[in-house]
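Participant: The sequence isn't on hand, but the structure is:
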């Protein structure tokens, strides 16, 4: 028997899902419509001979016979009266153009009197009662309504059985069969080692016989772990695209409903559907929503989520075989997952997908830059070096923001200034042009950021200053972008001390320049204190010795404030606070000495920031080396008018350079005049 092509299997599944859409249920719909039309026809077009039938009134019947109001008389024995002692007499008369019938039961002794009155008034006498068409049609109307109601009920239940009515479809799986989008491992960059782990899974799905002959068992489950935006879902879709097998995707929250037992039922239905199309892949995104450790809930009582988790454990490795079904899941909270879910036989492999390094970022940028026009000056290698800590989603957003900025200015290609602005947007938010600082506040921000830049330049183990700006973004009035010279995975004690010193430089610069301090350094203090606390309580870098006093834990996900365990006494807590205070104080005094020795450089960078608002690494290096910024070269046409503009522009730059060089010793009145452009 020839092997079945997975793509043909997917096509056959789609045909089955659309098969017999016009089956018996469409006949039921037509029948119900026929009943409705028939009822409307009878109500609108079938005439009723009697509009009103009064209660039996013998006296009224005699009075109308004597007065001649009766036009016809109907006489018939009463039903069930075999001896004919009682007769049913109906008198028909016209009142306001409407036919009215009086009905009365007349004894046999009074029947002759009725006949005499009728003959004396020339009233027609019939031996049959009036036509009962109205009664018959009323009966049929009630019967049709009953049939219509029963038909609607049957239609609803038939629809529920066929899965067309969501109101009765709680227990059905919400897993969706994804379409083949052509995604392969070539579309996943920066995760070379992670892709190698999944290559043999793809090979097993393509040719399982090779592994079965060797007695090897392919992993039943693969857990992708990593921070948000690192490409866990994309990697799972690439596996399905490479293998060419059905790919079912579902979110962990789709299993949970307000009704008890619904989640377990959906798990069973999902695996039953997957067995019919094996080999296949089931991908559960954000599995921590349903796979959280049992007993960790704080609400008490019966937990519906635990039932769902128990059923998932049974389906993945229970008594029933699930050969050919590979379960892939993604989470950024592996610490809260149940240990039974992580054991071999269920999730055999845990693949950690971290943030990419500089080479990985460059590869990711190349993938996302395929459909974008980049200027020759834009080098992806430089962008990758300037974006440490960025995930794949951050890098994609970075290039997309760059393209939006270029399109906003009607340019045909993305320039480096677009990338710079997009980087600032991703990290700090858009520039707040409407947020205007007073001249005094603007000067404080400039000297604050200049202090960060100078300490970063002068300390040996400090991070490199890549950019300094006083343009407000987000909640910051300005910021200094400090990046490491090269990415490292280990940090020395001196590296951490230099980072703390650099964070305190803004406050020290304010104090030395204006002899007062502001609230602008609160975020710097927060970061510096966190590093100092980690040095004391986690890294063993203090006089308290190599002991870990605080341990980060996340078994019970309640919030960030509960993610640390306190394993020390109050007396030791006081010593920890003293050690943290000692580290911060030493770094503060060290920062003060550095800035006191370089006050001229602080003033030069701050005054340049007030003039240009933003300085790059190259411009800062030029200020340190030459004490001013050289004239910027621009290409302008050779006409006389343009030559005048070029000369004036150079004169402005030269005056600015002279001003920057002489702000320490000259006043503005000593500057030569500048011709207006």
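Facilitator: Received the coordinates, thanks. It should be emphasised that the depicted structure is a prediction, and the values quoted were computed from it without experimental measurement. Numbers count the residues shown, from 1 in each chain.
Participant: which phi and psi does residue 234 have?
Facilitator: Phi and psi for residue 234, reported as degrees, to the nearest 10, are phi -60, psi -40.
Participant: Likewise for residue 611?
Facilitator: According to degrees, to the nearest 10, residue 611 has phi -80, psi -40.
Participant: do you know how far it is from residue 417?
Facilitator: Distance, residue 611 to residue 417, by C-beta to C-beta, to the nearest Å: 19 Å. (C-beta placed from N, C-alpha, C; glycine too.)
Participant: What is the burial count for residue 150?
Facilitator: By other C-beta atoms under 10 Å, 11 other residues sit near residue 150.
Participant: Check residue 427 too.
Facilitator: Using other C-beta under 10 Å, the number of residues around residue 427 comes to 16.
Participant: element containing it, please.
Facilitator: According to DSSP states H and E, residue 427 maps onto helix 416-428.
Participant: One more: residue 104?
Facilitator: Per DSSP H and E, the secondary structure element for residue 104 is strand 98-107.
Participant: and the protein, what are its domains?
Facilitator: As assigned by the TED database, the chain contains the domains 58-129, 176-295+302-352, 358-427, 439-550+570-626.
Participant: how about low-confidence regions in the stretch 151-300 of the chain?
Facilitator: For the stretch 151-300 of the chain, the stretches with pLDDT under 70 are 156-181, 257-261, 296-300.
Participant: ok, back up a step: would you mind telling me which of the domains of the chain is nearest residue 144?
Facilitator: Closest to residue 144 of these is domain 58-129 (C-beta to C-beta; 25.2 Å).
Participant: Just the mean pLDDT for the closest one, thanks.
Facilitator: Computed over domain 58-129, the mean pLDDT rounds to 70.
Participant: Please apply the same query to stretch 311-321.
Facilitator: Rounded mean pLDDT across stretch 311-321 is 76.
Participant: thinking again about what came up before, would CSV of the domains of the chain with distance to residue 148 be doable?
Facilitator: Shown next, in CSV, are the domains of the chain (distance: least, C-beta to C-beta, whole Å):
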stretch, distance to residue 148
domain 58-129, 30
domain 176-295+302-352, 31
domain 358-427, 55
domain 439-550+570-626, 64
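Participant: right, and those - which one's nearest residue 151?
Facilitator: domain 176-295+302-352 (28.4 Å).
Participant: Now do the SS call for residue 193.
Facilitator: helix (DSSP: H, G, I helix; E, B strand; the rest coil).
Participant: Pull out the buried residues from stretch 335-354.
Facilitator: 337-338, 340-341, 346-348, 351, 353 (16 or more other C-beta atoms under 10 Å).
Participant: next one: the helix holding residue 427 to chain centre, how far?
Facilitator: Distance, stretch centre to chain centre, for helix 416-428: 24 Å (C-alpha atoms, centre = their mean, to the nearest Å).
Participant: For the helix or strand just after the strand holding residue 104, buried residues please.
Facilitator: Sequence-wise, the next helix or strand downstream of strand 98-107 (DSSP H and E) is helix 108-120. Residues of helix 108-120 classed as buried by neighbour count (16+ other C-beta under 10 Å): 114, 117-118.
Participant: Quick one: residues in contact with stretch 592-603.
Facilitator: Stretch 592-603 is contacted from outside by 447, 450-451, 454-455, 457-459, 501, 505, 508-509, 512-513, 623-624, 663-664, using C-beta atoms under 8 Å, 6 or more residues apart in numbering.
Participant: change it to 6 Å
Facilitator: The contact list for stretch 592-603, computed with C-beta atoms under 6 Å, 6 or more residues apart in numbering, reads 450-451, 454-455, 458, 508-509, 512.
Participant: and it, how far out from the chain's middle?
Facilitator: Computed by C-alpha atoms, centre = their mean, the chain-centroid distance of stretch 592-603 equals 49 Å.
Participant: before we move on, what about stretch 480-497?
Facilitator: Computed by C-alpha atoms, centre = their mean, the chain-centroid distance of stretch 480-497 equals 34 Å.
Participant: What of stretch 613-628?
Facilitator: The chain centre lies 43 Å from the centre of stretch 613-628; the measure is C-alpha atoms, centre = their mean.
Participant: going forward, begin numbering at 357 instead of 1
Facilitator: All right, first residue 357 from here; so that's stretch 969-984.
Participant: what's the neighbour count on residue 563?
Facilitator: Neighbours of residue 563 (other C-beta under 10 Å): 11.
Participant: swap that for residue 596, sorry
Facilitator: Neighbours of residue 596 (other C-beta under 10 Å): 26.
Participant: and what of the one 10 residues further on?
Facilitator: Close neighbours of residue 606, defined as other C-beta under 10 Å, add up to 21.
Participant: three-state assignment of it?
Facilitator: Secondary structure state of residue 606, per three-state DSSP, is strand.
Participant: how close does it get to residue 668?
Facilitator: Distance from residue 606 to residue 668, by C-beta to C-beta: 11 Å.
Participant: Same question for residue 854.
Facilitator: 49 Å.
Participant: more crowded one of these two?
Facilitator: residue 668 (28 against 22).
Participant: I believe residue 861 is in a helix; please confirm or correct that.
Facilitator: Yes - secondary structure assignment (three-state DSSP) places residue 861 inside a helix.
Participant: That one: what's it in contact with?
Facilitator: So residue 861 contacts 807-808, 811, 947 (C-beta under 6 Å, 6+ apart).
Participant: State the pair within those residues that is farthest apart.
Facilitator: Distance extremes for these: the farthest pair is 808 and 947 at 10.1 Å, using C-beta to C-beta.
Participant: Name the SS class of residue 601, please.
Facilitator: coil.
Participant: Pretty sure it sits against residue 561.
Facilitator: Yes - counting by C-beta atoms under 6 Å, residue 601 does reach residue 561; the two are 5.2 Å apart.
Participant: what's the overlap in contacts for the two?
Facilitator: Taking C-beta under 6 Å, 6+ apart as the contact rule, residue 601 and residue 561 both touch residue 635.
Participant: And the residue of the chain positioned farthest from its centre, how far from residue 429?
Facilitator: In the chain, the residue that sits farthest from the middle, by C-alpha atoms, centre = their mean, is residue 476; the gap is 92.9 Å. Residue 476 sits 12 Å away from residue 429, going by C-beta to C-beta.
Participant: Please apply the same query to residue 759.
Facilitator: Applying C-beta to C-beta to residue 759 and residue 429 gives a distance of 96 Å.
Participant: what's the answer for residue 872, then?
Facilitator: Distance, residue 872 to residue 429, by C-beta to C-beta: 118 Å.
Participant: Same question for residue 980.
Facilitator: Distance from residue 980 to residue 429, by C-beta to C-beta: 127 Å.
Participant: neighbour count winner among these two?
Facilitator: residue 429 (21 against 16).
Participant: how about the more buried one, what does it touch?
Facilitator: By C-beta under 6 Å, 6+ apart, the contact set of residue 429 is 447, 474, 479, 481.
Participant: ok, so of these, who is nearest residue 538?
Facilitator: Using C-beta to C-beta, residue 447 comes nearest to residue 538 of these, at 87.5 Å.
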